[in-house]
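Trainee: Everything below, folded, please.
(chains A and B)
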Amino acid sequence: MTKMRSNRLKIIFMLCLACVTTGGQHFESKVAQLLQDETEHIKCFVEGKDLTCFWEEEEERNHLHNQYTFTYSYENKNKMACAVSSLSLLASNKTIFFCKLAKTPFFTTLHVQVHRDGQKLYTRSLNAENFLFLDPPRNLTVLSSGKEGQLNVSWLPPQLKYMDDSMIYEVRYAAEGSDLGKVEVIKVSTMLVLLGLESDTRYKVWVRVKPDGVAYKGYWSAWTEPVFGVTPPSDVDPLIVLLVLSIGLILCLLSLTVILSHQKFLLKKLWPDIPTPEHKFPGLFTVYKGDFKEWMSHNNGSMWGRSVHVYTEELPSPLEVLSEVSLTSHDTSHREEVKPAEEDEEKESERSDSGLTDRWPDPPHAHWLMDQLRALQENPESHSQSSLLQSHDTYVTLNQGDIEQQADDVFEETLPLQTLFSSAGTPSLSISHSDLGSLQQSSGSGRLSSQSSLEYPNHTWPPKGPGYAYMAVADSGVSMDYSPMSSSRIAELGRHRIYTNDYKNEIFPHKWPLSGQYIKSG
Amino acid sequence: MVLEWTRPGLSSPLRPICDLRVLDHFIKEAWDAEAAMRACKDACSIATNFTVPLTRVDFDVWEAMNIEEKAQEVQSGLHVLNEAIGSLQASNQTDVLQSHVDASISNIASIRQVLRSVSIPEYVPPASGGEDEETQKVSSISELFQVHSNFLRGKVRHLLASAPVCKQGVS
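Mentor: Purely as a prediction, here's the structure:
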């Protein structure tokens, strides 16, 4: 029997010890905190449903706990006593005496007193519901919400009945390693989303609790142990990345399309071709290695037309102006004289200031020429030289008799023009019956590139003399090539002008039997 | 013709007011009155005593009581409190005191409506007619309003929190 009682007492003692140990951690911390914060001699707090009041041992006094008596009363009832205990605080090296009221009455005024050796030491009146000292929140959890700069914080309230809806929480958080922190206050709810945090940062979070002050009042609990949470790294919205890539791809495709469609143009602009004359001199560089003399000697006969073409293309040809007619100011402003000096001496009178013009005269001049030509046709003898000259202002006739002389005197470049005479002695002036049909038809071919005054109606001049052939020189800025080839060029003997426009004359192969050949008569 | 068809009928049942924030509003006003009365000790002193209800809540005992017992304790206490505070309306007091007295009387009436909405039984006067044991005597207006706030924060609030109608909605 005695053994059983002792065993029971031991069990109860162990349980009490366990309870004290479990709650002791919080109890001592609460006592320590109130020792600093509470100014009353009797410091009281409610832990759970029990009110605990304690007081501090006077300095340098070693009193025993049984020297103290603690009494309390309420509602005009008789005083009731409470057992006093002592506790030594290791952290502060202090000793306290405390009393824990069993069945604490709430919502009524308690009157407590401390006596030592029969003498009243301390007194205090308080309502127990105003001195709640709650335990810290439980199960603090910090998780990443997945969103940038956010953390989800959640916890459980301290185990306390009747007061779940009367609590207020304070959340403190700070970046790891930083002393600066922020505090968020939240009522009733036990979860909070922290916003505005730095990305990819480790944060420490604490939480504490206290009554909201309406039905219950009390002290702030101790902070929970810190819990760490890491915010997610900042990332670009994948939709934005996708849109940027798509736009970039579209722009690249558009650029490629534009470049490919204007490839030739762009290449010409950026990398212009260096013009080479190789195509004009077939075999010159490939066969004769650039030896022009050699090339000329081998290609002299067959390429005569070509040479004519070449000469006419590059060098001014001798032109003889037969008449000078003052047309409009446009014409007179563009008078030019024949180049070769020998021809000028012989046929100076035949020159026409307007025979060679830089460009085609305007159509009114053509009409005038037409009239002149008609008149000449009707009565060629009555026409004076001047009129003939006038009618010849746009073309040149070369005297055969002078051809040979001209061949000696005239510059090589003028040779191509000494091609079309079949009768000797015929004054060149008489060679007024130039076949303008070629010009006509040539002009009628529509291939003349510039304005032409030689817009004659279908009309062919019968050649006056056999064999005479006229080479009409159209001062049109058109170079006509009388080679059997399609292209024909006439180079004007201007001062410094050489028209090298390509001209394709379909008539010449039909009208002109010559193809760069001299026609000599007599 | 329409008026003949209409008849005064029974009032529709009140919608249950289970939100404790409603009661908290009245409790806050009771706090203000208590603080105001504590400040005017001399001006608010009277020569008579007040019979006021007991405000003590022993949770062990309270949890053991049924809803009818709790309701009776709360309803009788509100009745006694209403009479004690109402007795101050006739006395010639300061404007501050009168405003708090009027507010407290109005709040007690509102609290009764709240308890009625959650189907708490109405006050039934004791058959014996004697003094209720759950009362006490106070000698000052400050103590009167202190009892007033304690009663609302304690018994009334816990009764409302434990109302079966409100717990049915939660469960």
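Trainee: Spatially nearest residue to B:Val52 (excluding sequence neighbours)?
Mentor: B:Val147 (4.4 Å; Cβ to Cβ, 6 or more residues apart in numbering or on different chains). Bear in mind the C-beta positions are built from the backbone N, C-alpha and C, glycine included.
Trainee: Now the one you found: which helix or strand?
Mentor: In the assignment (DSSP states H and E), B:Val147 maps to helix B:141-151.
Trainee: Put the alpha carbons of the following helix or strand past that helix into PDB.
Mentor: Going down the chain from helix B:141-151, the next helix or strand is helix B:157-161, by DSSP H and E. Extracted in PDB, the C-alpha atoms of helix B:157-161 (Å, rounded to 0.1, in the frame of the first residue of the first chain):
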ATOM      1  CA  ARG B 157     -19.900  37.200 -25.400                       C
ATOM      2  CA  HIS B 158     -19.200  33.600 -24.400                       C
ATOM      3  CA  LEU B 159     -22.900  32.800 -24.600                       C
ATOM      4  CA  LEU B 160     -23.100  34.300 -28.100                       C
ATOM      5  CA  ALA B 161     -20.000  32.400 -29.100                       C
END
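Trainee: Helix B:157-161 close to chain A?
Mentor: Yes: using Cβ under 8 Å from any Cβ of the partner chain, helix B:157-161 reaches chain A at B:157-158, B:161.
Trainee: closest to A:Thr141 among those?
Mentor: B:Ala161 (28.2 Å; Cβ to Cβ).
Trainee: so the closest one touches B:Leu20, yeah?
Mentor: Yes: assessed by Cβ atoms under 8 Å, B:Ala161 is found in contact with B:Leu20 at 6.3 Å.
Trainee: before we move on, back to that, tabulate the residues of helix B:157-161 next to chain A in JSON lines, adding columns for neighbour count and pLDDT.
Mentor: As requested, those are exported to JSON lines (neighbours: other Cβ atoms under 10 Å in any protein chain shown; pLDDT from 0 to 100):
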{"residue": "B:Arg157", "neighbour count": "25", "pLDDT": "93"}
{"residue": "B:His158", "neighbour count": "20", "pLDDT": "92"}
{"residue": "B:Ala161", "neighbour count": "18", "pLDDT": "90"}
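Trainee: Closest one of those residues to A:Asp237?
Mentor: Proximity of these to A:Asp237 (Cβ to Cβ) peaks at B:Ala161, which lies at 47.7 Å.
Trainee: who touches both of B:Ala161 and B:Leu20?
Mentor: Shared contacts of B:Ala161 and B:Leu20 (Cβ atoms under 8 Å, 6 or more residues apart in numbering or on different chains): A:Asp165.
Trainee: and the helix or strand hosting B:Ala103, which residues are buried?
Mentor: Per DSSP H and E, B:Ala103 falls inside helix B:95-117. Neighbour-count burial for helix B:95-117, counted by 16 or more other Cβ atoms under 10 Å in any protein chain shown, picks out B:97, B:100-101, B:103-104, B:107-108, B:111-112, B:114-115, B:117.
Trainee: Name the nearest of those residues relative to A:Tyr173.
Mentor: Among the buried residues of helix B:95-117, B:Val114 lies closest to A:Tyr173 (Cβ to Cβ), at 39.3 Å.
Trainee: any idea how far the spatially closest residue to that closest one that is not a sequence neighbour lies from B:Val118?
Mentor: In space, and not counting its chain neighbours, B:Val114 is closest to B:Ile17: 4.8 Å by Cβ to Cβ, 6+ apart. According to Cβ to Cβ, to the nearest Å, B:Ile17 and B:Val118 sit 7 Å apart.
Trainee: In contact with the closest residue to A:Trp155 other than its chain neighbours, which residues?
Mentor: Among residues not flanking A:Trp155 along the chain, A:Pro137 sits closest, at 4.1 Å (Cβ to Cβ, 6+ apart). By Cβ under 8 Å, 6+ apart, the residues touching A:Pro137 are A:155-158, A:169, A:190, A:207-209, A:221, A:224.
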